[in-house]
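*Asks:* Make a model of this:
(2 chains)
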Amino acid sequence: MKTFINSIYGWADARLGLEELSHFARKKTVPEHAHSFWYYWGGLSLFFFLVQAFTGILLLLYYRPGPEAFESVRQITYEMHFGWLIRSTHSWAANLMVFAVFVHMFSVFFMKAYRSPREFGWWSGLVLLMVVMVFGFSGYLLPMNELAYFATKVGLEIPASTPIIGPKIAELVRGGLEVNEVTVQRFFALHVVVLPAVFAVLLGFHLWLVQKHGNALPPSEEAKPAQERKTVPFFPNFLMKDLAVWLVALNILAVLAAVFPWELGQPADALKPAPQGIHPEWYFMSQFQVLKVLGDWMPGAVGEIAGILLFNVCLVLWFLVPLYDTSRESGRRARRVTWLGLVALIALIITTIWGYAVL
Amino acid sequence: MNYPFWIVPHIGSGWVIGLIAIFHIMISHFAVGGGLYLPLAERKALRENRRDWLETLRGHSKFFLILTGVFGAVSGVGIWFSIGLANPEATSTLIHNFVFAWAIEWVFFMIELSTAAVYYYTWGRIPHELHIKVGYVYAVTSLFTLIIINGILAFMLTPSDAWLAVAGTGAEASRFWQAFFNPTYWPSLVLRTLVCISLAGIWALVTCSRIDGAKNPSLKTSLVRWSAKWLIPSYLLLPFALAWYLWQVPESQRFLLQLGMSTAAPGMFTQLTRMSLLIVLSSVTLVGVVYLLAWRTPEKFRFSQAVVVLFLGLVATAAGEYSREMLRKPYVVGQHMFSNGVRRGDVDKFNQEGYLTHSPWVTTTSSTLDQGQIMFRGQCMACHTADSYRSMRGLLGERNRDSIASLLKILHDYKPDSPYRAYMPPLVGTAGEISALSDYLTTLGSPAK
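*Replies:* Predicted coordinates:
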């Protein structure tokens, strides 16, 4: 039996170069230190994306965009065997993925892993985060239930307030003046074709960069002499731990999907008044609350424009961090950027909690 | 129904029992499995001349004594308090049938507690052979506490035909042994013993994770791996034990699982299925994580990783206990007493004479709404809360009074094809009492205008 397996392996190796791959994986190392825990969050984000892809394909088998959107989700939830489980897993994994990407981003930020030569890793990661958030926004409408309908309606009013081009962009996204079945069709195409294609290319680029430059060391480790730094082989040591973390994540996902199955809600009805407390998903809550506050201070379009300007400025600054905090020697600049990150994180948490508190 | 009602806002009284019970089971099953782990580990250390194990085992026995002797004992008493308050009728039935069994269990419990203390305090003070014997005394007595309590717990699901034949006649105690060694007794005992053994390994991993692997790589590797092996018997035998257990469960109860499997949806009707899936997944994850983190790189096995393993054990245990409870529905004592404390044999009596006429909590001057509220507290509140867990407000939604009355009629008629019959007891009482309940429930919902 062993000889047979060896001969199969030899045959495949001669054609695919498996031995080179295995040698490469064994040679590759991952730093091991007190902050190694944060290295797992990139892998976790990838894991949740894979769950999304798998459950998303299963949902595609029965989901029908357009006028039957709600009915098809109802059938998936109540009639298809384990449809509720697939849908719940998809929805929970989406939220966990956004959470994992946020944690990954902030861990990269505080470990200064955006510094040379990893700038493109930082930028591609930020674009991936934005794509993930658009994934979330587009997927939220697909069940076409009451909450999704009104939340999308409110959500699209934000870009619509951008001067000159805003209304046209919103109309293009909606497929008309109102959120309706056409919007669902468009969001569906975006969600299952456009975004996955963009995401796959970006993810490939991001992973290639991670592979090329390896894992960054936090400043506290960088300060140590090279001989005091520890590493572990990527294969099998790190990979096995990564697998264990994925297993635990799968279990947490299963607990959430089983104990708190995703609700279906009521079908969207444009003639009904919006239910009280309409709000976006938690990862948009911070921006939502800031816009509300600015709207109170500066009524009308002025508040919304100010908000959009503020978000764009913050985003650009966040993007440019690697060009400002460039190296180990940057001293004061490095400390300033760390403080900036802390302020951003605290502001994000506070405005999110605030948003939920005043619903 | 002559007992006062225990109103627990938001989570309901059932979850108070549930939370204490899950915490207690994690510890009490460790108390049984860990009782075997300690003398066996000590014996192995002496036989293989691994003296370095002994210091770790001493520390583990201290942790064991505190966890089981303090938290295990306190949470055990907590269960008594909470079941007595949440479901006094069922507790009364258990006491009247098993008071003698409990007395025996408490004797073993006293020996168990004493030997646990003796075992810890005599490390290095008495010969090792005698010390190991103390450990074995502990192991045997703690196993006996499981052997006894298992009979009572299994009785609640399958009280046996012999006991059911005399239930309510006053001669129940004459069928003590049949009730005790009921149909699910043996598979349940095997299942619980396997859980005890794996929990012994899981908790030992917590202690072993605190050994400094850089300073004592050999000690940490050997102890972590030996402890991890304690998970093997469970995961080889659990599927068979589970199949045996389910085979002994009455068809009517097994149907609850099949119902969930075939019509799994996010309503309350499929909680059992969802929890059952969790047991399987958590157990598989647990083994995978122990292999990948503890077995492969034992010297680097950290406390935080041990806590993750413990968490997975908690999920599997919690899901298992929740499923066992749900499998009994709509009964609290299988085929005899419904989950709201109404005996099956009393249904016709309450329907003819009235439910409230047998209640001391209603007077002739009670208003209709007061009567409806007492009906709600007596017959619904064992499983539902007004506005939170299994919320009546949420379940009733926009139903108006007529719609609520129709629903209550379905629950009262309790026809064989009623979808509610699988999980819910019949609603008992006269037409007037059910009308009063309709009035009260209308005040809880949000009827459409």
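*Asks:* use CA for all of it now, contacts and neighbours both
*Replies:* Fine.
*Asks:* pLDDT weak spots in chain B?
*Replies:* By pLDDT under 70, the low-scoring segments of chain B are B:1, B:259-270, B:447-449.
*Asks:* who's in contact with the residue nearest to the spatial centre of it?
*Replies:* Residue closest to the mean C-alpha point of chain B, counted by Cα atoms, centre = their mean, is residue B:321 at 4.2 Å. Counting by Cα atoms under 8 Å, 6 or more residues apart in numbering or on different chains, residue B:321 makes contact with residue B:22.
*Asks:* Quick check: it vs chain A, distance?
*Replies:* Distance of residue B:321 to chain A, given as Cα to the nearest Cα, to the nearest Å: 14 Å.
*Asks:* Not counting its neighbours along the chain, what's nearest residue A:231?
*Replies:* Ranked by Cα to Cα, 6 or more residues apart in numbering or on different chains and with sequence neighbours excluded, the top spatial neighbour of residue A:231 is residue A:31, at 4.2 Å.
*Asks:* counting contacts, what elements does the helix or strand that contains the one you found pack onto?
*Replies:* In the assignment (DSSP states H and E), residue A:31 maps to strand A:29-32. Helices and strands touching strand A:29-32, by 3 or more Cα pairs under 8 Å, 6 or more residues apart in numbering or on different chains; DSSP states H and E, are strand A:230-233.
*Asks:* residues in contact with the closest residue to chain B within the stretch 101-250 of chain A?
*Replies:* Going by Cα to the nearest Cα, chain B is nearest to residue A:244 of the stretch 101-250 of chain A, at 5.0 Å. Contact analysis of residue A:244 by Cα under 8 Å, 6+ apart lists B:288, B:289, B:292, B:293.
*Asks:* And the second one, how far from chain A?
*Replies:* Between residue B:289 and chain A the distance is 5 Å, computed by Cα to the nearest Cα.
*Asks:* how about the helix or strand harbouring residue B:192, does it reach chain A?
*Replies:* Assessed by DSSP H and E, residue B:192 sits inside helix B:185-208. No: counting by Cα under 8 Å from any Cα of the partner chain, chain A has no neighbours in helix B:185-208; the shortest distance is 15.6 Å.
*Asks:* angle of the helix or strand immediately after that helix in the chain against helix B:185-208?
*Replies:* Next along the chain after helix B:185-208, taking DSSP H and E as the criterion, comes helix B:217-228. Interaxial angle, helix B:217-228 versus helix B:185-208 (axes from the mean of the first three to the mean of the last three Cα atoms, to 10 degrees): 160 degrees.
*Asks:* pretty sure residue B:89 is touching residue B:341, no?
*Replies:* Yes: applying Cα atoms under 8 Å, one finds residue B:89 in contact with residue B:341, separated by 5.5 Å.
*Asks:* Return the distance of stretch A:93-106 from the chain's centre.
*Replies:* How far stretch A:93-106 lies from its chain's middle: 5 Å, per Cα atoms, centre = their mean, to the nearest Å.
*Asks:* Quick one: mean pLDDT for it?
*Replies:* Here stretch A:93-106 scores 97 as its mean pLDDT.
*Asks:* what does it rub up against?
*Replies:* Residues contacting stretch A:93-106 (Cα under 8 Å, 6+ apart): A:38, A:41-42, A:44-45, A:48-49, A:51-52, A:125-126, A:129, A:132-133, A:136, A:253, A:283, A:341.
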